[in-house]
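Peer 1: sequence? don't have it. structure:
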Ligand SMILES: [Mg+2]
């Protein structure tokens, strides 16, 4: 089998890639939403993979893997990897999880970072009401993740929140020492959320990036005893193109509160220092940014050897990203906690894809489906959502 084309179309805000073959089998991959700029970057790889056998996934990846980088520049490579596995699975008549060594669980736990509701204001009461809404969503989530501190509007709306210049442009642009008032307000919000949720639903907190290590230690120690699931990306994360493993190790060594990072990191090599020096408790690679499904599987196995847990990122990954997360999460070792359930918007996304269960999440779990490849495919409704210039995407 040979690759005959690599295409990219932005459908409903998500870059979707399609690899075609001379056997008539195609593979679909996608990138996180908010990346309408990705099409030329995807097509950059086209000539490097034409003519190769897509079922030799690793051999194809060796051609393109070094031409990627941290988020968002690993997403095109990652989407191609997912599409290759989709083809390999369809060619074998097997779900992808079988090609990764088989599943070790029939259903995968997910957590809520995407089924969200507007936050009324920045008060502890508003935060408490908001996480209750997230926990009461029809999916029955057993873990919810709330943004706080530098990953929220606290830094703008709470007076005297931190010392430093307040920047409003760029992604997560602020960083600096928190004031005592800022720290106390943050802790009050966390306490209010925990009091509201009780101990039946876990609370994870996305915190930055933006905290300095000194504040990360103070915050993590202050919430010890609250049994927080994890504090995410306090120092680096999101669109930060480096890891800061030594700083994370300093923070982690001083607290019992679990520390989490890794959603923006590209490739296994860039997790080595975090894992080998036990710099964090939990890592959260995103299959659509880290380099793909097999990359995430490898990282998870290596993390498990070092006592580090896995909670993969996925909030903007759309429906094909959801399928990739389900396939790989079914195969991960016992260090797997849950992945971040993506919600596709607009709502019509759920009408243009076949293969999803009617109710995707039941009591915080997704039953692992068994159809070949990713197990979901575009149906005839999809064509009408192609933008001008993309009309031939499905040809
Ligand atoms: Mg995050």
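Peer 2: Looks like it came in fine. Fair warning: this is a prediction, and the values are worked out from it, not measured in the lab. Residues are numbered from 1 along each chain as shown.

Peer 1: which parts of the protein are helices?
Peer 2: 39-43, 46-49, 57-64, 75-92, 96-99, 124-135, 154-157, 180-197, 213-222, 245-252, 272-276, 287-290, 293-305, 318-329 (DSSP state H).

Peer 1: how far away from the center of its chain is the third one?
Peer 2: What that stands for is helix 57-64. Once both centres are worked out by CA atoms, centre = their mean, to the nearest Å, helix 57-64 turns out to sit 23 Å from its chain's centre.

Peer 1: who's in contact with it?
Peer 2: Residues from elsewhere that reach helix 57-64 (CB atoms under 8 Å, 6 or more residues apart in numbering): 3, 45, 48-49, 52-54, 77, 80-81, 84-85, 88, 291-292, 294. Heads up, the C-betas are built off the backbone N, CA and C, glycines and all.

Peer 1: tabulate the helices of the chain in CSV, adding columns for distance to residue 234 and mean pLDDT.
Peer 2: Shown next, in CSV, are the helices of the chain (distance: least, CB to CB, whole Å; pLDDT from 0 to 100):
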stretch, distance to residue 234, mean pLDDT
helix 39-43, 30, 96
helix 46-49, 38, 98
helix 57-64, 32, 98
helix 75-92, 24, 98
helix 96-99, 33, 98
helix 124-135, 18, 98
helix 154-157, 13, 95
helix 180-197, 11, 98
helix 213-222, 4, 98
helix 245-252, 7, 98
helix 272-276, 14, 98
helix 287-290, 19, 98
helix 293-305, 19, 98
helix 318-329, 24, 98
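
Peer 1: looking at those helices, which is buried most?
Peer 2: A comparison of these by mean neighbour count, using mean count of other CB atoms under 10 Å, puts helix 287-290 on top with a mean of 32.

Peer 1: got the contact list for that helix?
Peer 2: Helix 287-290 is contacted by residues 30-32, 70-72, 74-75, 78-79, 82, 263-267, 293, 295-296, 299, 312-314, 317, 321, 324-325, 328 when judged by CB under 8 Å, 6+ apart.

Peer 1: equivalent analysis for stretch 357-373, please.
Peer 2: The contact list for stretch 357-373, computed with CB under 8 Å, 6+ apart, reads 27, 85-90, 92-97, 103, 105-111, 139-143, 322, 326-327, 330, 338, 341, 355, 375.

Peer 1: distance between the ends of it?
Peer 2: Length of stretch 357-373, first residue to last, CA to CA, to the nearest Å: 16 Å.

Peer 1: buried sites along that stretch?
Peer 2: 360, 361, 364, 365, 366, 368, 369, 371, 372, 373 (16 or more other CB atoms under 10 Å).

Peer 1: just list the residues touching residue 101, thanks.
Peer 2: Here residue 101 is in contact with residue 331 (CB under 8 Å, 6+ apart).

Peer 1: quick one: neighbours of residue 254, just the number.
Peer 2: 14 (other CB atoms under 10 Å).

Peer 1: which non-adjacent residue is nearest it?
Peer 2: The shortest distance from residue 254 to any non-neighbouring residue, by CB to CB, 6 or more residues apart in numbering, is to residue 217 (4.9 Å).
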